[in-house]
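Novice: Kindly generate the corresponding structure for this input.
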Amino acid sequence: MYKLDTISHLEIELSSHCNSRCPQCPRYDMQGFVREDLDLKNLEKNFLFDLPIDRMINLKTITFCGNFGDPLMHPELDEVINFFNQKNISIFTNASLRNAAWWESLGKKKNVTVDFCIDGIGKTHELYRRNTSYKKIIENAKSFINVGGNARWQFIVFKHNEQQIEEAKILSNKIGFKNISFMYSDRFDTDNTWKVFEKNKHLYNLEKATKQITLREKTNTAPGEKWWRNLFKFRKQETIKCVWSEKKKFIYTAMEQFFHVVILVIY
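Specialist: Residues are numbered from 1 along each chain as shown. Sure thing, here's the model as predicted:
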């Protein structure tokens, strides 16, 4: 059960706006259009400023990330970061926004860690992180790191970029990232390819990484009723547990402006 004095980690989605057009992002439909049912908005800063932080005595970390948007799209991000200046702040971003001066200023904040989502080197990165500039991202990363900023590199592995893994490790160390982590996309469970569209026009296909084993392959069945039965059997647990509750973690998104009600419940 949640209580204010047990929460140690808040994960907040500040915005449902994004400059990137990542094909597998849930903000887009299969034809590459922003979903009509997506409420495009920025989280009102007053909802955050009204949080009873003084009662969250075990709160240590604030994470700004997004399922539908990028935190750097929030017009009042600086104020929000300054509000939580006594907490550890983690920001997940495609990092192709803002200028060098902004990144240098952010890098001087010792309580801030930035996870740069870079999925390849050079133009290869832009096959998934569409509408971003690899060159600008690397420039921003250097501006942040060169003044002492704590940076990590997150790399989603696909077939088109898997040959760059070793090169990325070397580059990560050279630029000064604290570490680089590799992960697979979880959007290939029913098909090993993903068609990329731009306004109904098919551009190319993404393919899962060679070494990636999907749930479809683990269950050894094709999509359909049997596949779903095997999938649930594969995931079956004896008891249902709330992972976020066990981690004392609370998630709040820009599309959920009812947080003040939730706070009253757990107060």
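Novice: switch to C-alpha atoms for all contacts and neighbour counts from now on
Specialist: Fine.
Novice: ok, Leu106 - contacts?
Specialist: 112, 144, 149 (Cα atoms under 8 Å, 6 or more residues apart in numbering).
Novice: next helix or strand past the helix or strand hosting Ser143?
Specialist: Ser143 belongs to helix 134-145 when assigned by DSSP states H and E. Next helix or strand after helix 134-145 toward the C-terminus (DSSP H and E): strand 150-157.
Novice: What is that next one packed up against?
Specialist: With contacts taken as 3 or more Cα pairs under 8 Å, 6 or more residues apart in numbering; DSSP states H and E, strand 150-157 sits against strand 112-117, helix 134-145, strand 179-184.
Novice: contacts for the second one?
Specialist: By that I understand helix 134-145. Outside helix 134-145, the residues that touch it by Cα under 8 Å, 6+ apart are 94-97, 99-101, 103-108, 116, 118, 121-123, 125-126, 150-151, 175-177.
Novice: Just the buried ones among these, please.
Specialist: Buried members of the contacts of helix 134-145, scored by 16 or more other Cα atoms under 10 Å, are 94-97, 100, 103-104, 106-108, 116, 118, 121, 125-126, 150-151, 176-177.
Novice: so is Phe197 in a helix, a strand, or just coil?
Specialist: Here Phe197 is recorded as strand under DSSP: H, G, I helix; E, B strand; the rest coil.
Novice: pLDDT score for it?
Specialist: At Phe197, the model reports a pLDDT of 93.
Novice: For beta bridges, what are the partners of it?
Specialist: Note on Phe197: beta-bridge partners by DSSP bridges are His202.
Novice: these two touch, right, it and Met30?
Specialist: Yes: taking Cα atoms under 8 Å as the definition, Phe197 is a contact partner of Met30 at 7.2 Å.
Novice: For stretch 147-166, which residues meet the burial criterion?
Specialist: 148-158, 160-162, 165.
Novice: Out of those, the closest to Ser181 would be?
Specialist: The closest of the buried residues of stretch 147-166 to Ser181 turns out to be Gln154 (Cα to Cα; 5.1 Å).
Novice: For that closest one, give me its contacts.
Specialist: 115-119, 180-183.
Novice: one more time with 10 Å
Specialist: Going by Cα atoms under 10 Å, 6 or more residues apart in numbering, Gln154 touches 92-94, 115-120, 179-183.
Novice: If you rank the residues you listed by neighbours, which is first?
Specialist: For those, neighbours were counted using other Cα atoms under 10 Å, and Asp119 has the most, 29 neighbours in all.
Novice: low-scoring stretches of the stretch 101-250 of the chain, by residue?
Specialist: Residue ranges of the stretch 101-250 of the chain with pLDDT under 70: 215, 219-250.
Novice: quick one on the thing from earlier: so what sits against both of Phe197 and Met30?
Specialist: Joint contacts of Phe197 and Met30 (Cα under 10 Å, 6+ apart) are Pro23.
Novice: quick revisit: what is the nearest of the contacts of Gln154 to Asn131?
Specialist: Asn94 (10.5 Å).
Novice: From Arg216, how far out is the residue lying closest to the closest one once chain neighbours are set aside?
Specialist: Spatially, and ignoring its direct neighbours in sequence, Asn94 is nearest to Cys117 (4.9 Å; Cα to Cα, 6 or more residues apart in numbering). Cys117 is 26 Å from Arg216, where distance means Cα to Cα, to the nearest Å.
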